[in-house]
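>>> just coords:
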């Protein structure tokens, strides 16, 4: 009845009001060591809370603007820093469920909240009257020091980069475009996360896949004597896509799957990305920049597109001879596979690449990755990973009981952990691990900072992070077994997690991974090296049936294979980075033709006609626009850090302590280049990175 519906609505509103009130009050206290996050909100509660918080946040910005005539640090800057922290936490509570909830209405409500709160943030931080209050404080000329000085400088820089120093018409146009771009980015990501494309194959069409993989697939037909052939359902999620592309011996199957994968959301997302490119360029032009890339990179380590272009071109040139040799090997393998003469003409197609790269490991290194999987049950890997990070960084990590009243999880798959300092037992932070796929979950691997580590009046807000992965689920006969590449991915994402948790910045602006985008991957990439070290592998592996260690000869083959295909694989990263730079140094772009042209030029094999990888290139709508080069840029530094400080002493506690103190704890409170020089004791060098790709550096 209508009365009952009204009562339920009032109860929901009151419940949400209490949650919001609890969070805001806790963040106003002198100290907060609580996990303020909760994940049991209904779609209605999320929508209600968004409206409530919008009113609250607007009132705070009104107070800042009203201080223009008598500005001080306390009534302008301190108030802004406080509302930024509250915005961060509330935003995550209300929007993060879009990545993890099993309820579609909750995911949709969280996406709507994301759009509304993103628009709200654009509106509030684009207020000219708020800018004038900061400008009035600047004109007082008060002396600031340390992080406060850096905070104020970054705030003023941010205002200028929003065009708040410009005339009203231009300010309003920038705000309008920023809101449109935010909405388009959310739509782009939604299209990808909700994609449910499924292909059907017969058992013969999946020749080469293991029995374990086949048994993990859903099926249709072939039951109860219905006379239909049994078909296996293959999705485009990582645990399905990559095994088929690497191991399936039927090229037609790989071709169909690769076409579907690189056609995901092609119609809708191609248009969205091309609209984003045009809007980004217009904003850059209004602000006085030649291109969007110039606007973005001004505040990155690289500083400008010319430096990025030279970096990518130089790296590509160095790798070309190695890439050509590796492609010749792939062609030789394909000739043999097809029974052709040694000089027979063959073409490496996109659906061939992963398959023959895998064959290289088997033929040149006698390494079958499937033989390693039994030694990497996910529970053993997780225990070993946590132990390695504990020892290296001086931490103590304990899993909490999900039934604990102070623990809130979004799904039983998610596990919650507490991190303490190993020496003092002081609480440092918390994190979640959610490692297996399910309906509606984010489909890749990533880490989120859900609650930042920031200073309160007389204490700190304890950070909370979350690592999401999509490793193959356990079956009734076997636990979840990981490929070695998945172990590497796990280490990578957990590196981001530790960056979030170990941060000791005072302002949310600099908390955790809020560093230069072309530096942010370093802490995660650096720790990937541990999965290639024999001593570390011994700690994170053990046969799922017997507990036996990986045989030494298999470990040796694995380590030797690290350089396998490095020319081809690095060139692929150069392709993605060059594509990103190309589309963001022009006014508009045909993304499909641009990607196809660059793929042939850089990778030396074509993209599949009729597809558009860019439509599923989530980084282009996920905050990496004009910044994808950062993966390679930061990897140069990460290899230098590893080679200089940890190679040959991967469990050196003194080096680990220094790394935690000089790289992880500062967050964004220092320029990345300064942190690197301080930690390395010199300027960074390229040599270690080149060696990691199997290149000779004697002539450098």
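That came in fine, so what should we check first? What you see is a predicted model, and the numbers here were worked out from it, not measured in a lab.

>>> Tell me where this structure has strands.
198-201, 218-220, 231-235, 395-399, 415-421, 427-434, 446-451, 454-455, 460-461, 464-468 (DSSP state E).

>>> and the fourth one, how far out from the chain's middle?
Centroid separation between strand 395-399 and its chain, computed with Cα atoms, centre = their mean, to the nearest Å, is 23 Å.

>>> low-scoring pLDDT stretches of the stretch 151-300 of the chain, where are they?
Within the stretch 151-300 of the chain, the ranges that satisfy pLDDT under 70 run 223-227.

>>> if you set the cut-off to 90 instead, what comes out?
By pLDDT under 90, the low-scoring segments of the stretch 151-300 of the chain are 193-194, 212, 221-228, 237-239.

>>> So for stretch 208-221, what gets flagged as buried?
By 16 or more other Cβ atoms under 10 Å, the buried positions in stretch 208-221 come out as 208-209, 212-213, 216. Using the backbone N, CA and C atoms, a C-beta is placed for each residue, glycine as well.

>>> Looking at these, spot the one nearest residue 20.
The closest of the buried residues of stretch 208-221 to residue 20 turns out to be residue 216 (Cβ to Cβ; 42.0 Å).

>>> Give me the distance between the residue nearest to that closest one when sequence neighbours are not counted and residue 487.
In this structure, residue 216 finds its nearest non-sequential neighbour in residue 475, 5.9 Å apart by Cβ to Cβ, 6 or more residues apart in numbering. In this view, residue 475 and residue 487 are 19 Å apart by Cβ to Cβ, to the nearest Å.

>>> again, but for residue 681
Counting by Cβ to Cβ, the gap from residue 681 to residue 487 is 31 Å.

>>> neighbour count winner among those two?
residue 487 (24 against 8; other Cβ atoms under 10 Å).

>>> Contact partners for that one?
376, 381, 531, 540 (Cβ atoms under 8 Å, 6 or more residues apart in numbering).

>>> just curious, which of the residues you listed is nearest to residue 598?
Out of the contacts of residue 487, the member with the shortest distance to residue 598 (by Cβ to Cβ) is residue 531, at 30.6 Å.

>>> In this model residue 483 seems to touch the closest one, though I could be wrong.
No: the criterion here is Cβ atoms under 8 Å, and residue 531 misses it with residue 483 at 11.2 Å.

>>> Counting neighbours, go ahead and name the busier of these two.
Taking other Cβ under 10 Å, residue 531 and residue 483 do not tie; residue 531 has more neighbours (27 against 19).

>>> Now do the contacts for the more buried one.
484, 487-488, 491, 537, 540.

>>> Repeat the analysis, applying 10 Å as the threshold.
376, 381, 384-385, 388, 484-492, 537, 540-541, 558-559, 562 (Cβ atoms under 10 Å, 6 or more residues apart in numbering).

>>> Tell me which residues touch the nearest residue to residue 187 once chain neighbours are set aside, please.
Computed as Cβ to Cβ, 6+ apart, the closest residue to residue 187 that is not its neighbour in sequence is residue 272, at 6.1 Å. Listed by Cβ under 10 Å, 6+ apart, the contact partners of residue 272 are 181, 183-185, 187-189, 191, 265, 615, 620-621.

>>> try 8 Å this time
184, 187-188, 191, 621.
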